[in-house]
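[1] pasting the sequence and the predicted coordinates here, then a few questions.
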Amino acid sequence: EEDAATNGPTAEPIARVLPSGAPVLVKQVFGADANPEIDTAVRRHRRGSVVLVGLETDVCLAHSAIGWRTAGLRVVVVHDAVYSAGAGHVNGLARLRAEGVELLSAKELYYEWLRDLPTVRAFDAAHPELRIDDRTLIAAHAAGPDRVVDRVCVRADRGADLVVGSHVPVVQLARRIAAV
């Protein structure tokens, strides 16, 4: 959590999808990688990749992504699960691209994780509320920044990926896929 006294605790929709007893990590520096407790939690999973979602594209996400990329991790930012007001979002995405950070949509990440049609069909049947399709993505995007809350949580790992962030649909997706 970043400045919970001012910003409030982890939002209830995010807390609800986290496993019982999930740690709340305090973020004192804009780049999560530069917060020793968060960086240690991420590296403890011994994954070569980190997937970032949340706020703000041009500050916290950019600092975290660039820091972990510089440290040798593969960094993926889910571009439709991050947000900054005004030009900050576009500027942040441009900076991330220039720094060599990989940008994927939630849909691309979904199919990268699930990999084949039988797995996609089985997953969609088991979790229809998480189905990634164009209507879902348009509705989530239209819902605006309240769908993305500025909190940090270390979540489910899938293969070589570790999700760090707080976009509720992506965190739910990661958690359910990790259980497959």
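    That came through fine.
[2] what are the ranges of the strands in the chain?
    In the chain, strands defined by DSSP state E lie at 49-55, 74-83, 102-104, 154-158, 161-164, listed in chain order.
[3] the third one packs against which elements?
    Based on contacts counted as 3 or more C-beta pairs under 8 Å, 6 or more residues apart in numbering; DSSP states H and E, the elements that strand 102-104 packs against are strand 74-83, helix 88-98. Where C-beta positions appear, they are placed from N, C-alpha and C, glycine not excepted.
[4] adjacent strands (with direction) for it?
    strand 74-83 (parallel) (DSSP bridges).
[5] would you mark the buried spots in the partner strand?
    V75, V76, V77, V78, H79, D80, A81, V82, Y83 (16 or more other C-beta atoms under 10 Å).
[6] of these, which is the nearest to G21?
    A81 (24.7 Å; C-beta to C-beta).
[7] touching, that closest one and E108? I think so.
    No - in this structure, A81 sits apart from E108 without contact. The criterion is C-beta atoms under 8 Å, and the distance is 11.2 Å.
[8] ranking the strands of the chain by mean pLDDT, which is last?
    Confidence, taken as mean pLDDT, is least for strand 154-158 of the strands of the chain (a mean of 34).
[9] can you list residues touching both of A81 and E108?
    Counting by C-beta atoms under 8 Å, 6 or more residues apart in numbering, no residue touches both A81 and E108.
[10] neighbours around A122, how many?
    Summarising burial for A122: neighbours were counted as other C-beta atoms under 10 Å, giving 13.
[11] returning to that earlier point: got CSV for the buried residues of strand 74-83, with distance to A62 too?
    Compiled in CSV, the buried residues of strand 74-83 are given as follows (distance: C-beta to C-beta, whole Å):
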residue, distance to A62
V75, 11
V76, 14
V77, 9
V78, 14
H79, 12
D80, 16
A81, 15
V82, 9
Y83, 13
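[12] which of these sits closest to F30?
    V82 (13.9 Å).
[13] check contacts around the closest one.
    Under the contact definition (C-beta under 8 Å, 6+ apart), the residues listed for V82 are L52, V53, G54, L55, E56, T57, L61, H89, G92, V148, H167.
[14] I'd like the residues you listed laid out as TSV, including neighbour count and distance to K27.
    Conversion of the contacts of V82 to TSV gives the following (neighbours: other C-beta atoms under 10 Å; distance: C-beta to C-beta, whole Å):
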residue	neighbour count	distance to K27
L52	27	13
V53	27	14
G54	28	10
L55	23	11
E56	20	12
T57	26	16
L61	34	12
H89	19	20
G92	23	17
V148	27	15
H167	25	16
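[15] okay, among the residues you listed, which ones form the most distant pair?
    The span of those, defined through C-beta to C-beta, is set by G92 and H167 at 14.9 Å.
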